[in-house]
Each structure stands twice: as C-alpha cells, then as structure tokens.
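> Mind folding the following:
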Amino acid sequence: MEFKSITIKNFLSYYDVNEIEFSDTTTIFIGQNNTGKSKIFDAINFALYERVWITDKGENGSWVSTDREIASFILNNHKKNIALAGNDETVEVSVSLEMDTGSNFITAERTYFYKRNGDGFEYASKNFSVSVADAVSGTVYPYIGQEATDKLDIYFSPAIKDYFLFQGEASSKIMQLQKGGNFSRAVREIARLSVFEDAKEIAELYTKHVHNIISRKRNKNQAQRAEQEKLQSQIEHKQNLLNSYEEKKSIAEQNVSEYSEQLEVFEEKLAKLKEFEDWFKQKKQIEDNKKNIERELKATNSEKTEIAEDAVFYKVREKISSFADFYSKLEQKGEVPPSIAASEIRKALNYCRCTICNTDLSEGTDARKYAESRLPKCDTDRLGSYLRDLNSTMSDISDEINRIPDRLKTILDGKRRLEERKESLRKQDEEVKALLAQVELDSTNSDKKKQEADDLREKVRRYTSLLENAKRDSAKNEGSVGLLTREIRNLQHELNSLIVEDDDIDENDKIKNHYAEKLNLAMSRLYQVAHDTAYNQVQEMANEYYSEMTKDNAALVGTVKIDTETSEIYTVDEKGNRIRNINQANRISIQLAVIASILSVAQEQFNQQYPFVTDAPVSALGGDNKLRTIQTMINAFEQSIIIIKDDISSKNKSNDEIRKFITESGDVGAAYELSLSKANEADGITDQFTVITKIKG
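Got it, this is the predicted structure:
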C-alpha cells in the first residue's frame, strides 16, 4: 500500500484546493508552530477514519469523531469570510486521498457540506465515497456510505489506525496495555487472537453443557445431593466474588494507566518549569554578585582616594629622614635634649647599667659621667619631651609613607580583578537573559510560573500517591482473583468427583466430563501460548528497532519490556531490573520502537505494507539521536510521511540538521515547507492560511 497524493479543500488551515504528491519512499513536512503541519495529519485521518485531533479538548487534547463536532471545527476561516462577503449560500470542505495497492488504485474522498445561517454557516450533510480502479483493466468500482467504509476497512484495519497514523501527542494513550486498550486490540487483531478466544469460549461452553447434562442425572441420594448443592452454592458464591474482584482489578489497572499517563504529563511540564526556575535563580545570583562587586569597587575607590591623599606626603619622605638624621647629630653634640627620658637615665644610674644598650655605668666610669651630664638637659628643657614625640611620630609616618606604593598596587590589582569579574558576570547575565527571552519568560511573569511549578509539584505528589494506591489495589485484587480461581477449581473438581461417582451417570457421561475438562484446559493453555507468542514477537522486534535508534547514543540504554501482567512498557537493564527516571528522549525512542514493531507484525500477518505517517514524533529529541530516529523510521517502512517542527533556533537555515538531511539524503524523495500567508487587510479579511512550498522532489 502506498499513498500517492492528497487533495485538501477548505479544510482547517488549508484554503481553497491544495494538491500534495507523496514520494514512494519518504516525504517530509517541516514548518514552524501553527503553520498547518498537524493539519496534514488530520486531513489523512479525516479521509480514512473521519476523525480530527483537537489540542484544546481535554487535558492533553483528544480525537473527535462525531460529524457535527468535526464540522464545527474544520471549516477554513478564510473561506468562510470570503463566502460571507460574497453572500454564498453553501460551502464545502473535502479531503481526497489517492492510494496504490499494487493491483488497484483507491481513492477515498470525504466531503462536508455547509449552508448559510445568518452571519455564519452550519453543518448540513456529508458524503463519503471510495472508488477502486483495477490497475490492469482500468475498471472502476464505486462505493458510497457504509459500503465505502466497509471496503476501506479491508485495507486499513481500525485496530492499527493509531500505529501507522502515529500522533506524537496521543502516544501515551495508544501504548496502554490494559484489556480493551488500543494496544491490546491491535495485538489481538494482528495475531488473530480472536480465533483462539473463540476456541477457548467454545471449550468452556461445551464443558458447561456436559456439566449441565450430568447435573440433571444427579443421584437422588439426599446426603449426596445436599453436598452437591452445597458445593454448587459455594462455587456460585465464589464466582460472584471472583467477578467482583476481576472488575475491581480492571478498574485498578485502568487507574494505574490513567494516573501513570497523567503523572508523566505533569512531570514533563514540571521538568520544563524547573529549567526556567534554574535560569531565574542563576539570573538573581548574577545580579546579587554584581551588586556585591559594585560595593567592593566603591570601597576600593574610597580607599584608593585616601591613599592618594596620603601619597602627597610621599614626596617629603626624604625630608623626614633628613630630620631624623639631623636630630641624631644634634643629640650627639648635646645641643638638643636626649632622646632618652630623664626617668630612664636615673633608673640606669641606680642599676649602674644602661637599660637600653647594657653599658656598664659603675662609679668612676666615663659612661656614667656622660649619663650624669645629660640629666640637667632633660630636667631643664621641656623641649626634649616634645622633640622625642616628634621624632617618634616622624619615624612612624616615614614607615607608613614607604608602604604607600605597595598598598596602592594591591588595591589597583584588586580593582582590576573586580572589573574582570564584573565583565564576566555581565556576559553571563546577557546569556541568561537571552535564554529567558527565547522562551518569552521574564520577571513580570516569573511569579506566575513559580506558582504553576508549585501547583504541578502538588499534582505530581497527589498523582504519585494515587498511582501507588492503584497499584496496591491492582496487586491486592490480582491476589484475590488468583486465590478465588484456585478455590473454585478445587471446589469444581470436588463437585465433579461427586458427579462421576453417581450410579445414574453412565460411562459415556464420565468420558464426556473427563475430556470436556481436558479440552477446556487445553484451549485455555493454547490461547495463553498464542497470546504470549504475539506479545513476545512484538517485544522482540521492538528491541531490534530500539537498538538501531539508540546505538549512537550512550545515554539511551536498556532492553524494551512489554509486561502484560502489569500493563506497562518500560526498559530493563542487563540483570532484568527496571530502569527508572528515563528522560524524554528515551521514552520517545521506546514508543517509536514499539509502534514500528506493531506495524511490522501487522504487515507480516495481513500481507499488507503500510505507509508510516507520523506527526511530531521526535520533537523532544535532538542532534544525532533525532536524525538516527528519523533514519530508523525510513529504514523500517517502504513509505514514510514524517511531519516535524522546523528548527527555529538556527539563524542560518542552511546549517539546520533536518534541512541538511533532507537535501543530502537519497531516501527523502519529497519535502515541503509550510508557512502562513500574509494577512490581507484591504478587503477586511485578516484570516491567514497555510502556504505550501515544495523544497525537494
């Protein structure tokens, strides 16, 4: 099966008639947000399955499949305004998808009709047709309405629609394993499990039939009949309990799935907000550091000024030194009071030894005579005290002045380092501001983001608690189901023993009863083997794709595990232990690997090659892993249609990895860039629409 082309008319952001041809290998659509990328995906879903994805419906968006709700959403605004301005009475929206099966050419066309109603248009009717043209004879077989739907279902099973039409934002829902979920239905259909289910059900019905025949031939013995009735009553009672616990288990499993999905959404949102919080903390820290440096610079300048004032005296340091020398010479000549106080001289004379230089001052020595000669000058001239203080002060000042150059150099070096730190912080501040500007987040709405983060943390805490409780309930009910199943089996065996011992039951009845039980057990085991084999096959192929996607990324590790008992898909390490705290890139790689394995198994079972159409499958991936994942999708399927977001961070589009890949890859046969038209206000029409530009093929 190969998609050849699609024609979109007045559908969502596509105004008038838009024809797009698909490559028989790979077609890639790129564009910025809100340029109509997902609308291509919606158009294919609308043509095949009459559904569209509405992002603002529910917590995380939802598929809509009722005609009136679809009709209220898909009419192109630009077309509507033009029709109103032109007084048109009717408008229509249509999508036509052309396909090639190899032996037939199929065209599926779905149209919605609208009629004028006051200042708007309302849904009037719809039409769906499928035409099948024989590739050899050219004979065309038309189908409409339900016949068209039934015909299309032959080629596109509804059970796998979410797998070959893979919508990234809805991935968590289609990965749910609980009974009745999309994943279980897909595996059930592609593995033909319904055949084994029917065989199992027939065996159960036959066993009940045999039991009913034997029950009618019960022994008339009152005691034995009473025992049989007692056992039958116990079986019925425990069966009712078993049904109740199975229902509780199913509800608990559903809660586990829903809570896990919701918790994943909240954790991803919180992770993004945590990055914003880190940026704000970094920005505030930089601002605080800058203020501290400004204060230090101010203090440094003040100290520098003081030293500069003191430096005036640096030029007179020689004068001060000459004063000290001059004073010393005068003192030696005895022309000025001695630099030693009179009290010190008297103390030295009393001890007969100089307290400063340890000179002997004994009676009759020249030194003692000189010291005694100095006493009159100390006692009679008050100038001595003043000169001694002045001499000491001048000496201290001289020492301080001599240290001025070193102090000034130290301060200037410190100031230079502060200036360098200030410049570094300025650059860091600009980088953080650029990051915040890129996500359009500034201080005016930071409080709102912080509150949002607090709310998300509370939701994560609450849903974590709910999830743990749901898991406990599931495990508890699982245990009760297992216990009751064993008890019912034992009671049934006891009841069967009473039946076969009944004299009114012939040998033929005994044989039927014996082999009915064996047949029932055999069919149950056969179904379980088929069930496990199907899931093991999907798991094995998923690991092949996962290994290919992540072989160049050391951060993505582990083996994919599809656990039907816990209804979870996750990765385990080489010891079989579950790997927790996986990142978004790992989660997306797991999902894509499982999706690819489902389709590969379906292709083998149905002998039908499916095109792989995916919307935003790798938006959270980057670098080599992003390109590796895209290449893996291309290798896995004969035809791929990949819709991805353009890289807005690249200023030079020629350097963008995706665009470079499109240009250089021989696997990409066609590529389109989607953009918005310029608003035309001349006639009052301001609604923009998607413009398609072919960039390859």
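> low-confidence ranges in the stretch 551-697 of the chain?
552-557, 566-567, 581-585, 603, 605-608, 617-625, 647-655, 679-686 (pLDDT under 70).
> Same check on the stretch 51-200 of the chain?
Ranges of the stretch 51-200 of the chain meeting pLDDT under 70: 57-61, 168-198.
> Quick check: buried residues in stretch 635-649?
Within stretch 635-649, the residues that count as buried by 16 or more other C-beta atoms under 10 Å are 636-637, 639-647. Using the backbone N, CA and C atoms, a C-beta is placed for each residue, glycine as well.
> Relative to residue 568, which of those residues is nearest.
residue 636 (23.7 Å; C-beta to C-beta).
> where's that closest one relative to residue 590, distance?
Distance from residue 636 to residue 590, counting by C-beta to C-beta, to the nearest Å: 15 Å.
> same check, this time on residue 83
With distances taken as C-beta to C-beta, residue 83 is found 47 Å from residue 590.
> Report pLDDT for the residue of the chain most remote from its centre.
Here the chain reaches farthest from its C-alpha mean at residue 364, the gap being 103.8 Å by C-alpha atoms, centre = their mean. We have a pLDDT of 87 for residue 364.
> same check, this time on residue 11
pLDDT, residue 11: 96.
> State which helix of this structure is the longest.
Counting residues, the longest helix found in the chain (DSSP state H) is helix 222-310.
> next one: phi and psi at residue 119?
Note on residue 119: backbone dihedrals following degrees, to the nearest 10 are phi -90, psi 20.
> and if you look at residue 665?
The phi and psi values for residue 665, taken as degrees, to the nearest 10, are phi -80, psi 130.
> now swap in residue 127 and tell me
phi -150, psi 140.
> With residue 95 as the reference, measure out to it.
Counting by C-beta to C-beta, the gap from residue 127 to residue 95 is 12 Å.
> higher neighbour count, those two?
Applying other C-beta atoms under 10 Å to residue 127 and residue 95 shows that residue 95 carries more neighbours, namely 27 against 14.
> For the stretch 451-600 of the chain, which segments are assigned as strands?
559-563, 568-572 (DSSP state E, counting those that start in this stretch).
> Reformat those strands into JSON lines and put distance to residue 522 and mean neighbour count next to each item.
Below are these laid out as JSON lines (distance: least, C-beta to C-beta, whole Å; neighbours: other C-beta atoms under 10 Å):
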{"stretch": "strand 559-563", "distance to residue 522": "26", "mean neighbour count": "18"}
{"stretch": "strand 568-572", "distance to residue 522": "30", "mean neighbour count": "18"}
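> Looking at the ones you listed, which is nearest to residue 544?
Comparing these by C-beta to C-beta, strand 559-563 comes nearest, at 9.6 Å.
> I'd like to know which elements the closest one is packed against.
With contacts taken as 3 or more C-beta pairs under 8 Å, 6 or more residues apart in numbering; DSSP states H and E, strand 559-563 sits against helix 507-550, strand 568-572, helix 584-606.
> Single out the most deeply packed of these.
Counting by mean count of other C-beta atoms under 10 Å, helix 584-606 has the highest mean neighbour count of the helices and strands packed on strand 559-563, with a mean of 22.
> Give me the sheet partners of the helix or strand just after it and which way each runs.
As assigned by DSSP states H and E, the chain's next helix or strand after helix 584-606 is strand 612-615. Sheet pairing for strand 612-615, assigned by DSSP bridges, gives strand 165-167 (parallel), strand 640-645 (parallel).
> close enough to count as contact, residue 128 and residue 142?
No: the criterion here is C-beta atoms under 8 Å, and residue 128 misses it with residue 142 at 11.7 Å.
> So the two - more neighbours on which side?
Neighbour tally, residue 128 and residue 142, criterion other C-beta under 10 Å: the higher count belongs to residue 128, 19 against 13.
> what helix or strand is that one on?
strand 120-134.
> Output the contacting helices and strands for that strand.
Judged by 3+ C-beta pairs under 8 Å, 6+ apart, strand 120-134 is in contact with helix 67-74, helix 77-85, strand 104-117, strand 140-144, helix 145-155.
> possible to save the ones you listed as TSV with distance to residue 508?
Shown next, in TSV, are the helices and strands packed on strand 120-134 (distance: least, C-beta to C-beta, whole Å):
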stretch	distance to residue 508
helix 67-74	59
helix 77-85	76
strand 104-117	55
strand 140-144	53
helix 145-155	46
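> so which of the ones you listed gets nearest residue 580?
helix 67-74 (39.4 Å).
> now the angle between strand 120-134 and the closest one, please.
For helix 67-74 against strand 120-134, the angle by axes from the mean of the first three to the mean of the last three C-alpha atoms, to 10 degrees is 100 degrees.
> ok, and what's touching helix 67-74?
Residues from elsewhere that reach helix 67-74 (C-beta atoms under 8 Å, 6 or more residues apart in numbering): 11-12, 46, 50-52, 54, 64, 93, 112, 114, 123, 126.
> Buried residues of that helix, list them for me.
So helix 67-74, judged by 16+ other C-beta under 10 Å, has buried residues 70-71, 74.
> Which one of those is nearest to residue 204?
residue 70 (41.7 Å).
> any idea how far the closest one lies from residue 565?
From residue 70 to residue 565 the distance is 38 Å (C-beta to C-beta).
> now whatever helix or strand residue 38 lives in, how far from the centre of its chain.
Assigned by DSSP H and E, residue 38 belongs to helix 37-49. Distance of helix 37-49 from the chain centroid (C-alpha atoms, centre = their mean, to the nearest Å) equals 25 Å.
> Parallel or antiparallel, list what pairs with the next helix or strand after that helix.
The helix or strand immediately downstream of helix 37-49 is strand 52-54, counting by DSSP H and E. When pairs are called by DSSP bridges, strand 52-54 turns out to pair with strand 62-64 (antiparallel).
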